[in-house]
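J.: structural data only, the sequence is not supplied:
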């Protein structure tokens, strides 16, 4: 028997066009078998009956399916809104585009509210002027800071006579000179709230000197130079440098930098910037200075400065060439003990990057600074990374396993940017995936190599489905070339497909060529693609054809074992699948046509196909696998990702079926096979414990709502709660024994086996506590009281917090009283209450806004409390509109403090049309209120207006 596999849409340039996009759905169905599909040369041939149609919701149109030389993806695509924040990387930065050198405005008058200008990729033009070197001087003061910039300017194109337009925001211009001569306003230059334009620059090279006055103490946006808990700090990606001085603030303007910092020595004993410290000393009046030099060219978004009272943990790393690099992590003295894991993570990342990619660190010093007030998770400024506290500080008593894993991944991510982002940067912000998608892929591989690859893959795919796929269905859908935080994850998936197709060796050769060609340059996605496609050989393709979509497939026999795969019939040819004469058990089918047929040869019996192994392409898979097939794969598939996926597919189908029953007011009942399937996983001692924890965890409410024509948060919540309690009841003995068997009195260690044990124990405890029975509540309380680390204590607290009542309230208060002086633990406490699904939780969250520990100016507190509340579908989407009203009011309040953070909060409204008419009307009213508010920031207006217009 033969079966046909039909591949995606017409036009084989689908992924070829410079990281074009990520596909959001595949649909498979059975096709009739015809005699024409048989071959007399083949015997015992089987292949899954599959039909695949790609709904490329990230694409602009089918016209985008073209080779890279003709690519125009994003050229007519406007700038998209803010990026981040993610849970898992978590990490991230918002980007707003400024591509071309804008002409000076015709008037200096500003409208009451500036509407964001849409910027298109097709508008890109090279800068008329280049900056060869930049010398900065900062005189840091308590009321104001004076910034002097001295720039060596040269023509970007020969014979240019264009005005020199510089970006600037919230600056007071004190003076401007060209070649030492003062310029006169109106006659020599014009300045408004966004630009400074030198009307007639000299021909050839010249020196530009600008002196500005800024007020970091008043800068609550946390962009540019600002103060955080008494220390000066910067955040310049994407457009923060223009809040420091007038500059061509765009990534394709790269220069070498020196930075001289003067400040009060008592208040600011530590003065840091990029590169190497080349001079320091004392000055009159109790001041001192430090002079830093960065010999590598960089764009302005990578500039950084920190000044304050900080202590450091110091270590060193010897590179593969024998150079000794000094490593320092700076933080307030009381937190220094919590930086040990971050230092371990940094050294591990440096070693891994040398071994896996052959990339060596290039300076003598690497600094990390920890700040509590930071919009991003972390920032990769050259040699001076700046991190939000939660992604560096950790101790067993105050940080969970998840925190430790996030620190490992994010420290690695920011370090890996030294080459993928800093040494080779992006030409414009439409190319953001070139540095972020590539670097996310690298940090995913790093964490996989240091932990459990399957569990990491499950976590990454879960994130993709939770954040990317929903966006594809909303007003923020776009190719991965435009910027939005969600390009991090799908961009990494596209890079992963390159590695899948070319293999580890071929991919590495392509990466080597990419660095060889483009070190020190600002480049595009096409440049990366050209390097990758040029080196690895593809059989039968002397000239490279457009990129394929790789679908990894295995065939499982009736005993549950993988069938050996020796050959396959495709495109009229019989192709060998053997490796060194030995059969393989997983092969990658490569699609680049609308319809393709693959026939496996020498298959002795009808198999159960294991499709999309390891999630080899970022697609949604709808197959004709039966329920029996899925239970079989859940029990037997050697590919643990697909084993987990089989369980997830069964769970999703069950939940959707029960949601329909709930909506029709039918009695809910679990399929006994489903319970038995999870029981067998729970009892399987041969499986990794963290994998078991993932396998018995139900899909989230958001994932199920995304599969419904009209999202019904009340029905989904009710059904998920029912299934969880019913599983806890029927598996109670197994869950209890698992909790007991996975207790440990050993001291906390951060290693996979220990983390897996805790993950499984805590997952089972959450199931048991959902029953809200005296014995299970007592068990959770005992676990809370006896816990010796934050992972187990917080998990027990979360288990108890599922059920409203006195025990919940008393335990939450006890936890706060114990940890009230640790602001990171208090943020966890806020988040736990905010994300709760207990009825009417909006009132509790409103009350917490007035809690003494909450600060609207601190992004981490905002993300924990307000962002956390938006993550509870049943409360945020409350029928009475109370959740929408709460968020609308908070967004307007927050917008006056920190527009960037406010824009992330308002994005919770972006998919308001997914819900019933009543909820739509309530959400729409809030969006209309927001966009009509006086003085609204560009950041919030952009998200709110796009959501409203969807």
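T.: In hand now; what should we look at? On a predicted model such as this, the values are computed, not experimentally measured, just so you know. Numbers count the residues shown, from 1 in each chain.

J.: contacts and neighbour counts: CA atoms only from here.
T.: Will do.

J.: what about residue 379, how many neighbours?
T.: Residues lying near residue 379 (other C-alpha atoms under 10 Å) number 30.

J.: so which elements touch the helix or strand hosting residue 501?
T.: Assigned by DSSP states H and E, residue 501 falls within helix 488-518. For helix 488-518, the contact count by 3 or more C-alpha pairs under 8 Å, 6 or more residues apart in numbering; DSSP states H and E identifies helix 340-357, helix 432-450, helix 525-534, strand 549-556 as packing neighbours.

J.: now do the longest one: which elements does it pack against?
T.: Right, the one you point to is helix 432-450. helix 401-416, strand 425-426, helix 453-463, helix 488-518, helix 525-534.

J.: got the ones you listed as a markdown table, with mean pLDDT columns?
T.: Output for those, formatted as a markdown table (pLDDT from 0 to 100):
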| stretch | mean pLDDT |
| --- | --- |
| helix 401-416 | 99 |
| strand 425-426 | 98 |
| helix 453-463 | 96 |
| helix 488-518 | 93 |
| helix 525-534 | 92 |
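
J.: residue 652: which of those is closest?
T.: helix 453-463 (13.4 Å; C-alpha to C-alpha).

J.: name the helices or strands packed onto that closest one?
T.: Applying 3+ C-alpha pairs under 8 Å, 6+ apart, one finds that helix 453-463 contacts helix 432-450, helix 640-663, helix 689-695.

J.: one step back: which one, of the helices and strands packed on helix 432-450, ends up nearest to residue 246?
T.: strand 425-426 (21.3 Å).

J.: re earlier: closest to residue 195 out of the helices and strands packed on helix 432-450?
T.: Comparison of the helices and strands packed on helix 432-450 against residue 195 by C-alpha to C-alpha identifies strand 425-426 as nearest, at 23.0 Å.

J.: what packs against the closest one?
T.: Partner elements for strand 425-426 (3+ C-alpha pairs under 8 Å, 6+ apart): helix 432-450, strand 522-523.

J.: what comes up buried for the first one?
T.: Translated: helix 432-450. 432-448 (16 or more other C-alpha atoms under 10 Å).

J.: which residues sit against stretch 653-664?
T.: Under the contact criterion C-alpha atoms under 8 Å, 6 or more residues apart in numbering, stretch 653-664 has outside partners 667, 668, 669, 704, 708, 715, 716, 719, 720.

J.: secondary structure of the first one: a strand, I assume?
T.: No: Residue 667: not assigned to a strand; according to DSSP: H, G, I helix; E, B strand; the rest coil it is coil.

J.: and residue 935, which of the helices and strands packed on helix 488-518 is closest to it?
T.: Checking the helices and strands packed on helix 488-518 against residue 935 by C-alpha to C-alpha gives helix 432-450 as the closest, at 29.6 Å.

J.: let me know the angle separating the closest one from helix 525-534.
T.: In terms of direction (axes from the mean of the first three to the mean of the last three C-alpha atoms, to 10 degrees), helix 432-450 departs from helix 525-534 by 50 degrees.

J.: can you list the low-confidence ranges for the protein?
T.: Counting by pLDDT under 70, the ranges of the chain that qualify are 1-116, 471-487, 536-547.

J.: of all the helices and strands packed on helix 453-463, which one is nearest residue 751?
T.: Short answer: helix 432-450, nearest of the helices and strands packed on helix 453-463 by C-alpha to C-alpha, at 9.0 Å.

J.: so where do the helices sit in the stretch 851-950 of the chain?
T.: 859-862, 868-870, 873-876, 882-895, 899-906, 917-931, 938-949 (DSSP state H, counting those that start in this stretch).

J.: okay, these in JSON lines with mean neighbour count next?
T.: Output for the helices of the stretch 851-950 of the chain, formatted as JSON lines (neighbours: other C-alpha atoms under 10 Å):
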{"stretch": "helix 859-862", "mean neighbour count": "24"}
{"stretch": "helix 868-870", "mean neighbour count": "24"}
{"stretch": "helix 873-876", "mean neighbour count": "25"}
{"stretch": "helix 882-895", "mean neighbour count": "20"}
{"stretch": "helix 899-906", "mean neighbour count": "25"}
{"stretch": "helix 917-931", "mean neighbour count": "18"}
{"stretch": "helix 938-949", "mean neighbour count": "21"}
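
J.: so which of the ones you listed gets nearest residue 502?
T.: Of all those, helix 899-906 sits nearest to residue 502, with 37.3 Å by C-alpha to C-alpha.

J.: and residue 126, what element?
T.: Counting by DSSP H and E, residue 126 is found in no helix or strand.

J.: that one contacts residue 155, doesn't it?
T.: No: with contact defined as C-alpha atoms under 8 Å, residue 126 does not reach residue 155; the gap is 11.0 Å.

J.: okay then, goodbye and thanks.
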